[in-house]
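**Student:** Give me a 3D structure for the following:
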Amino acid sequence: MRIGIVGAGVIGVTVAHALVRDGHEVRIFDEGGIASGASGGNAGAFAFSDIIPLATPGILRQAPKWLFDPLGPLSIRPGYAAQILPWLMRFARASMPDRYAAARDAQAALMRLSQAALDRLLAGVDGEHLIRREGQLQIYDTVAQFRASQPGWREREAAGIRFDRLTSHDAICEIQPGLSERFTQAVFTPDWINTTDPKLWVEHIAADLTRHGGEVQRAAVRRIRPDEGAMILETDDGPARFDRVVLAAGAQCGALLGPLGVKLPLETERGYNTTLPAGAFDIRTHVSFAAHGFVVTRIGDGVRVGGAVELGGLNLPPNMKRAEALLAKAKDFLPDLDTEGGTQWMGFRPSMPDSLPVIGAAPGHPGLMLAFGHGHLGLTQSAGTAELAADLIAGRTPSIDPAPYRPGRFLRGQP
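**Tutor:** Alright, predicted model coming up:
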């Protein structure tokens, strides 16, 4: 089967790799090339313990003090609130206890698949040299915050996730020295892993893909259209005809789906970070500051400080004060951090209101497979998404129930 992939981020490349290994003829299209967007600028974490959806019961009580703080962990850009209101209403419904529980269980299932699939992918591409198995520290500001987090940790425990509670500064510093003495409460997840560099990871998979006959074409896709049982990609290099198409262009997918009559509640989480040069800090594990929505992690020999969620769409200019605010907090929390010489970045993360991606055939277009909407978990769930998409295209029974991720769940009258 001839399959075209729209998007050369971690989802598109990993799906393409699985399809090539299945024996398909595959070509990827992306204007910017391999991992040119959020897939190259993220924190490099395979966050398999992050099974808790963003829309949690009670989040709406906290949201007002976050949403309109321009430098807060979750904010909406001024002037964008009216545009995002329909998405926020769906987000509110997703936070209801029954819907939350279903989304959490579906997230956990995809995480288990993705973790096992990553092991298979690592063996297949000889990629262990790009992996760091150093765990993760989740740091809490106060004892009250730590206690409030415990229901979520019990949910993770029920899902089989291993962790250790740390209740002294000394215990925390045995894992990560150099933290401010104010921090006395943390949780360590030992099975958490990172890639040494997310861009290098995607490039490594892409190199294996091309060795096995896959192609990568640096060209923008302007339109997708069905044509007599096939799918046509209208690109800057001309039209290309395929038996199937996989749309994995992240936050850019909405513009390509609109002309097909498919409207899904896809929003954009704008993430910010600063990557500091080698020697900025002796970072020994992935450190997450729970109440502040950002992380400090090692990328290559440098240190990347970033995260948080800004809901602001694709067109507003970046607000780099967010990156500066995160860096200032990191300096406060890690007093020995050298904040000079950093490179700032902003990227778009595709987000659905229930925190679950869409994986499956586009409603009304069986020749178009959708694989996007992973929010900040694209790297984490890429290998699992690839196996699930490959199974669906091949007509095999997937190893997990694909129903929670079906695109039609957002459309009235669709299965």
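
**Student:** For the rest of this, base every contact and every neighbour count on C-alpha atoms.
**Tutor:** Fine.

**Student:** Mind checking the pLDDT average for the strand or helix carrying Thr380?
**Tutor:** Assigned by DSSP states H and E, Thr380 belongs to helix 378-394. Averaging pLDDT along helix 378-394 yields 98.

**Student:** With stretch 245-254 instead?
**Tutor:** On average, stretch 245-254 scores 96.

**Student:** and if you look at stretch 190-209?
**Tutor:** The predicted model gives stretch 190-209 an average pLDDT of 98.

**Student:** For it, what is the distance to the chain centroid?
**Tutor:** In terms of Cα atoms, centre = their mean, to the nearest Å, the centre of stretch 190-209 is found 14 Å from the chain centre.

**Student:** picking that back up, give the buried residues for the helix holding Thr380.
**Tutor:** For helix 378-394, a neighbour-count test (16 or more other Cα atoms under 10 Å) marks 378-393 as buried.

**Student:** So which elements touch it?
**Tutor:** Packing partners of helix 378-394 (3 or more Cα pairs under 8 Å, 6 or more residues apart in numbering; DSSP states H and E): helix 10-21, strand 45-46, helix 97-125, strand 358-362, strand 365-372.

**Student:** got the contact list for stretch 279-297?
**Tutor:** Residues from elsewhere that reach stretch 279-297, judged by Cα atoms under 8 Å, 6 or more residues apart in numbering: 43, 72-74, 134-141, 145, 175-176, 194, 298, 301-309, 326, 330, 336-339.

**Student:** Could you identify the buried members of those residues?
**Tutor:** Restricting the contacts of stretch 279-297 to buried positions leaves 43, 72-74, 134-141, 175-176, 194, 298, 301-309, 326, 330, 337-339, with burial counted as 16+ other Cα under 10 Å.

**Student:** For the stretch 101-250 of the chain, just list every one of the helices.
**Tutor:** Secondary structure of the stretch 101-250 of the chain by DSSP state H, counting those that start in this stretch: the helices cover 143-148, 150-158, 169-175, 198-211.

**Student:** Pick the most buried one from these.
**Tutor:** Each of those was scored by mean neighbour count; the highest is helix 198-211, a mean of 20, by mean count of other Cα atoms under 10 Å.

**Student:** how big is the angle separating that helix from helix 97-125?
**Tutor:** 60 degrees (axes from the mean of the first three to the mean of the last three Cα atoms, to 10 degrees).

**Student:** in the protein, what secondary structure element scores lowest on mean pLDDT?
**Tutor:** Within the chain, no helix or strand scores below helix 59-67, which has a mean of 66 by mean pLDDT, DSSP states H and E.

**Student:** what's downstream of it, the next helix or strand?
**Tutor:** strand 74-76.
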